[in-house]
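In: Dropping the sequence and predicted coords here.
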Amino acid sequence: MSLLRGIIPPILTPMDASGAVDPASLDRLVDHLMAGGVDGVFVLGSSGQVAYLTDAEREAVTRRVVDRVAGRVPVFVGTPDLTARRVAELARRAVTWGADSVVATAPFYALSSAAEVAEHFRLVADAVDVPVVAYDVPVRVHSKLGAELLVELGREGVIAGVKDSSGDDVSFRRLLRLNAEAGSPLSISTGHEVMVDAMALAGADGVVPGLANVDPAGYRRLWDAAGSGDWATARQEQERLARLFEIAFVPVGLAGDSAGIGAFKAALALQGVIASGAMPAPLTPLSQADVAGIQAILTGVGAAPGAAA
């Protein structure tokens with residue numbers, strides 16, 4: 001399987017007004033992503049609000065996405081938990097749900113040395129017979145995965161790829177260089193919505209942008225232009241997507257799980273892809289003024305229903 005190459009959106013988890021998962025909207029969202037030409041789907045990531053889902057909901061969401069994708073693209077499944085034994089257990093379950101690859105962060109809550117973090121990933125990899133992707137997201141786990149550590153784990157065959165959501169562009173560039181010098185044991189993707197053209201130029205293998213839930217076709221055009229060396233077109237599309245990303249800044253005074261992900265959900269509801277922009281408790285819902293502001297941005301960049309992109 002070609003890991004972490006191309007456009008792999010971290011799929012949102014649509015909910016109804018009661019806060020329950022909305023399976024019919026989830027189906028439509030998968031169809032929307034597939035029609036947009038994505039290369040894979042990442043379930044149970046930060047954009048999927050995995051931290052707010054019960055164990056039963058995690059299983060139901062994963063199985064639903066796997067069934068709807070029906071083998072057309074790889075399905076990556078997040079396995080966030082506190083320590084290696086718990087992550088390994090969840091990873092084994094994810095494989096039975098149909099995961100083509102599991103995505104693991106560094107341990108959190110537990111206090112770990114670099115050597116222990118490396119062993120954490122080895123234990124997870126030993127537990128499953130599918131590729132393991134390391135998810136570098138220090139804003140959530142409060143530790144940074146070092147480039148040298150990641151490349152060494154790649155050389156060992158412990159991990160097959162890295163999703164970098166650190167926001168540390170210097171570290172990302174070092175990771176790309178060290179990986180290339182080691183013979184490229186890893187496929188490396190960025191979670192940076194508004195720097196995809198630059199990351200592609202630097203040598204990234206793919207992108208995992210939450211905003212691709214809203215406009216997968218735009219990211220498809222951007223990535224294809226970059227792949228063909230048409231950097232002017234890639235930059236033009238990236239600029240349009242950067243304007244679209246302004247929806248994440250419309251809600252003011254809310255935390256990221258409410259503001260950014262809430263904006264993506266609101267946009268999809270306005271597009272008619274999902275039934276509601278509802279959020280899980282205890283997250284604060286967006287105001288009607290926020291939704292109106294998001295609608296204006298969608299219209300301005302050609303991402304509203306019926307608009308020419």
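Out: Nice, thanks for sending it over. Numbers count the residues shown, from 1 in each chain.
In: Toward the C-terminus, what is the element adjacent to the host helix or strand of L29?
Out: Here L29 sits within helix 23-35, counting by DSSP states H and E. Downstream of helix 23-35, the first helix or strand assigned by DSSP H and E is strand 41-43.
In: Whichever strand or helix holds Y219 - what's its average pLDDT?
Out: Assigned by DSSP H and E, Y219 belongs to helix 216-227. Helix 216-227 shows a mean pLDDT of 98 in the predicted model.
In: do stretch 192-207 as well
Out: 96.
In: Need the distance between the two termini of it.
Out: Chord length of stretch 192-207, first to last residue, is 7 Å (CA to CA, to the nearest Å).
In: Show residues contacting it.
Out: 4-8, 39, 161, 165, 167, 169, 172-173, 176, 180, 187-191, 209-212, 219, 222-223, 226-227, 231, 234-235, 237-238, 241-242, 245 (CB atoms under 8 Å, 6 or more residues apart in numbering). C-beta: built from backbone N, CA, C; applies to glycine.
In: contacts for the helix or strand just after the helix holding Y219?
Out: Using DSSP H and E, the helix or strand that follows helix 216-227 in sequence is helix 231-244. Helix 231-244 has contacts (CB under 8 Å, 6+ apart) with 193-197, 200-201, 211, 214-215, 218-219, 221-222, 225-226, 297-298, 300-303.
In: got the angle between helix 231-244 and helix 216-227?
Out: 150 degrees (axes from the mean of the first three to the mean of the last three CA atoms, to 10 degrees).
In: Flag every buried residue along helix 231-244.
Out: Of all the residues in helix 231-244, those buried under the rule 16 or more other CB atoms under 10 Å are 233-235, 237-238, 240-242, 244.
In: would you say F76 is within a strand?
Out: Yes: when DSSP: H, G, I helix; E, B strand; the rest coil is applied, F76 is found to be in a strand.
In: Tell me the bridge partners for it.
Out: Beta-bridge partners for F76, by DSSP bridges, are F42, S101.
In: what's the burial count for it?
Out: 29 (other CB atoms under 10 Å).
In: contacting residues for it?
Out: 4, 8, 40-43, 99-103, 133.
In: any idea how far it is from D224?
Out: 21 Å (CB to CB, to the nearest Å).
In: And for A266?
Out: Distance from A266 to D224, by CB to CB: 28 Å.
In: Please say which of these two ends up with more neighbours.
Out: Between A266 and D224, A266 has the larger neighbour count (other CB under 10 Å), namely 28 against 16.
In: Please give me every residue in contact with that one.
Out: Counting by CB under 8 Å, 6+ apart, the residues that A266 touches are 247, 277, 286, 290-291, 294.
In: repeat for L4
Out: L4 touches 40, 76, 133, 160-163, 187-189, 205-206, 208, counting by CB under 8 Å, 6+ apart.
In: Just the buried subset of those, please.
Out: Taking 16+ other CB under 10 Å as the criterion, what is buried in those is 40, 76, 133, 160-163, 187-189, 205-206, 208.
In: Now R155, what are its backbone angles?
Out: Backbone torsions of R155, given as degrees, to the nearest 10, read phi -60, psi -30.
In: Kindly provide the distance from it to V95.
Out: Distance from R155 to V95, by CB to CB: 24 Å.
In: my read is G48 is in a helix, agree?
Out: No: going by three-state DSSP, the assignment for G48 is coil, not a helix.
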